[in-house]
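> only geometry, no sequence info:
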């Protein structure tokens, strides 16, 4: 039972698809692209913003903390409860991230947009706002290969599974792998 579960997770990770502006690449190339963008943004003095709902919000908060504390990168998860309820009340839930991006982001920042379904209106609007700002956008999605988020980023990771657990774990593994491999890439060891 356990080994079968782990084998299925491994299969899902191996079948994960990544594209850069619509051009497909293998996972190692995608990881190098992602890490290179993180390093470049940090070197320019830019920030990395994470957005997601539910379990993906948890991944965002965890990742922003790790990227800041362990990676030395300026990273924020846009999930403060008071801010979300204020913006949701004043503008509508679908604007909770786009408004924060309008307020705080600048050209050259990075947006990491995570949605298992790839269909969340607040995430899609956040990506739109990021593009207007001139941010580099990296998306993480799953479920249907036709989900709209999958086509919106500069770099798009798609996990081909309909199970929340596998999609969320795969997203967390990829995002954490980038952090763990960042120093090796900056030394040209990967």
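Noted; the coordinates are in hand. Treat the numbers as computed from the prediction; the structure is a model and nothing was measured.

> Report the mean confidence score over stretch 165-178.
The pLDDT scores in stretch 165-178 average 97.

> can you check stretch 89-108 too?
The average of the pLDDT scores along stretch 89-108 is 98.

> try stretch 29-37
So the average pLDDT for stretch 29-37 ends up being 96.

> do the same with stretch 11-24
Stretch 11-24 comes out with an average pLDDT of 95.

> list the buried ones in it?
For stretch 11-24, a neighbour-count test (16 or more other CB atoms under 10 Å) marks 12, 13, 16, 17, 18, 19, 20 as buried. Quick note: C-beta positions are derived from backbone N, CA and C, even for glycine.

> Over to stretch 67-75?
Buried residues in stretch 67-75, counting neighbours by 16+ other CB under 10 Å, are found at 67, 68, 71, 73, 74, 75.

> got the contact list for the last one?
For residue 75, the contacting residues are 47, 48, 49, 50, 63, 64, 65, 67, 68, taking CB atoms under 8 Å, 6 or more residues apart in numbering as the criterion.

> ChimeraX command to pick out the buried ones of these?
Restricted to buried positions by 16+ other CB under 10 Å, the ChimeraX selection for these reads:
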select :47,48,49,50,63,64,67,68
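
> Helices - which of the contacts of residue 75 land there?
With DSSP state H as the criterion, helices contain 63, 64, 65, 67, 68 from among the contacts of residue 75.

> what residues are up against the fourth one?
Contacts of residue 67 were listed using CB under 8 Å, 6+ apart, and they are 38, 48, 73, 75, 179.

> nearest to residue 131, of these?
Nearest to residue 131 among the contacts of residue 67 is residue 48, at 16.0 Å by CB to CB.

> Bridged to residue 20, which residues?
residue 23, residue 155 (DSSP bridges).

> what's the spacing between it and residue 3?
34 Å (CB to CB, to the nearest Å).

> do the same with residue 42
Taking CB to CB, one finds residue 42 at 39 Å from residue 3.

> Pretty sure residue 33 sits against residue 25.
Yes: using CB atoms under 8 Å, residue 33 is in contact with residue 25, at 7.3 Å.

> In the chain, which helix is the longest?
Under DSSP H, the chain gives helix 164-186 as its longest helix.
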